[in-house]
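K.L.:
I'll drop the sequence and a predicted model, then ask my questions.
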Amino acid sequence: MPRPTAAQLAYGSATVVISTVAMLLLSRTSSGLGVAVIVSAALALGLLVALTVPTPAAMRAARRARDARAARTDRVEMNEAQIPAAPEHSLHG
């Protein structure tokens, strides 16, 4: 498994801290079990955010794939434009 980037660590950590504070303030819990549930939910959310932040290599690969799809689409449209139209024949002549 590759090492997380600085951006992934920063986003994950910020998510954990902000979501923990927000959930504790909104729930107004004071029991140990309630705090433990909120902290574990915030850690899971932070992990999810950290893993979904795109890495620079993944962003480059996605950009290359998108550009390749656009180039293929342009070529298909150009080829269709070069096909001559069929002559129109009237059946009721």
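P.N.:
That came through fine.
K.L.:
looking at this structure, which helix or strand does the model trust least?
P.N.:
Ranked by mean pLDDT, DSSP states H and E, the weakest helix or strand in the chain is helix 56-82, scoring a mean of 69.
K.L.:
Which secondary structure elements does the host helix or strand of Ala44 sit against?
P.N.:
Take DSSP states H and E as the rule and Ala44 turns out to sit in helix 32-52. Packed against helix 32-52, as judged by 3 or more Cβ pairs under 8 Å, 6 or more residues apart in numbering; DSSP states H and E, are the following elements: helix 6-27. Bear in mind the C-beta positions are built from the backbone N, C-alpha and C, glycine included.
K.L.:
where does the chain dip in pLDDT?
P.N.:
Low-confidence segments of the chain, defined by pLDDT under 70, are located at 1-2, 55-59, 73-93.
K.L.:
Look up how far Arg60 lies from Pro54.
P.N.:
Distance of Pro54 to Arg60, computed by Cβ to Cβ, to the nearest Å: 10 Å.
K.L.:
Equivalent analysis for Val17, please.
P.N.:
In this structure, Val17 lies at 30 Å from Arg60, with Cβ to Cβ as the measure.
K.L.:
And for Gln8?
P.N.:
Applying Cβ to Cβ to Gln8 and Arg60 gives a distance of 16 Å.
K.L.:
Tell me which of those two has more neighbours.
P.N.:
When Gln8 and Arg60 are compared for neighbours, Gln8 comes out ahead with 17 against 11, by other Cβ atoms under 10 Å.
K.L.:
Check which residues of stretch 18-37 are buried.
P.N.:
Along stretch 18-37, the positions that meet the burial threshold by neighbour count (16 or more other Cβ atoms under 10 Å) are Ser19, Thr20, Met23, Leu24.
K.L.:
Nearest to Arg66, out of those residues: which one, please.
P.N.:
Within those, the smallest distance to Arg66 is 31.6 Å, found for Ser19 (Cβ to Cβ).
K.L.:
contacting residues for the closest residue to that closest one other than its chain neighbours?
P.N.:
On the basis of Cβ to Cβ, 6 or more residues apart in numbering, the spatially nearest residue to Ser19 that is not a chain neighbour turns out to be Ala42, at 4.4 Å. Contacts here follow Cβ atoms under 8 Å, 6 or more residues apart in numbering; on that basis Ala42 touches Thr15, Val16, Ser19, Thr20, Met23.
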